[in-house]
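In: pasted the sequence and its predicted model underneath.
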Amino acid sequence: MSVKADFYDVIRKPVITEKATMASEANAVVFEVAIDANKPQIKEAVEGLFGVKVKAVNTTVTKGKVKRFRGQLGKRKSVKKAYVTLEEGNTIDVSTGL
């Protein structure tokens, strides 16, 4: 397996929400990442895929909610998000494809 494929296993997709847009003004980008990914792996993947310098990585795990699906109780999956702060002068345009 190639190195780039490993990076795509760590970084699932960019998160495009109002809060993520506010973070982009502070030179940060938000990604949904693998639940078992750690901060050094996330940093290496972002630097490898986008060719930018990463200043800091903050992560948060949103626990899956219990919801009803067609009358049956079910559980949504837990989601891990990474707030990646970039060094000055580096940018990532998440509106274009990866």
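Out: Looks like it arrived, so ask away.

In: ok, which stretches of the chain are strands?
Out: If DSSP state E is used as the criterion, the strands of the chain fall at 11-14, 28-33, 54-62, 66-69, 72-75, 79-86.

In: of the ones you listed, which stretch is the most buried?
Out: Comparing the strands of the chain by mean neighbour count (mean count of other CB atoms under 10 Å), strand 28-33 ranks first with a mean of 22. Any C-beta I mention is one placed from the backbone N, CA and C, and that applies to glycine too.

In: that older thread, now the strands of the chain in JSON lines, with mean pLDDT and distance to residue 43?
Out: Shown next, in JSON lines, are those (pLDDT from 0 to 100; distance: least, CB to CB, whole Å):
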{"stretch": "strand 11-14", "mean pLDDT": "92", "distance to residue 43": "11"}
{"stretch": "strand 28-33", "mean pLDDT": "94", "distance to residue 43": "11"}
{"stretch": "strand 54-62", "mean pLDDT": "95", "distance to residue 43": "5"}
{"stretch": "strand 66-69", "mean pLDDT": "92", "distance to residue 43": "33"}
{"stretch": "strand 72-75", "mean pLDDT": "93", "distance to residue 43": "30"}
{"stretch": "strand 79-86", "mean pLDDT": "95", "distance to residue 43": "8"}
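
In: okay, those strands in JSON lines with distance to residue 45 next?
Out: Converted to JSON lines, the strands of the chain look like this (distance: least, CB to CB, whole Å):
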{"stretch": "strand 11-14", "distance to residue 45": "5"}
{"stretch": "strand 28-33", "distance to residue 45": "8"}
{"stretch": "strand 54-62", "distance to residue 45": "10"}
{"stretch": "strand 66-69", "distance to residue 45": "31"}
{"stretch": "strand 72-75", "distance to residue 45": "28"}
{"stretch": "strand 79-86", "distance to residue 45": "9"}
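
In: select, out of these, the one closest to residue 94.
Out: strand 11-14 (3.9 Å; CB to CB).

In: so what touches the closest one?
Out: Strand 11-14 is contacted by residues 20, 29-34, 42, 45-46, 49, 82, 94, 98 when judged by CB atoms under 8 Å, 6 or more residues apart in numbering.

In: kindly report the same for stretch 63-81.
Out: Under CB under 8 Å, 6+ apart, the answer for stretch 63-81 is 15, 30-35, 37, 59-62.

In: many thanks, we can stop here.
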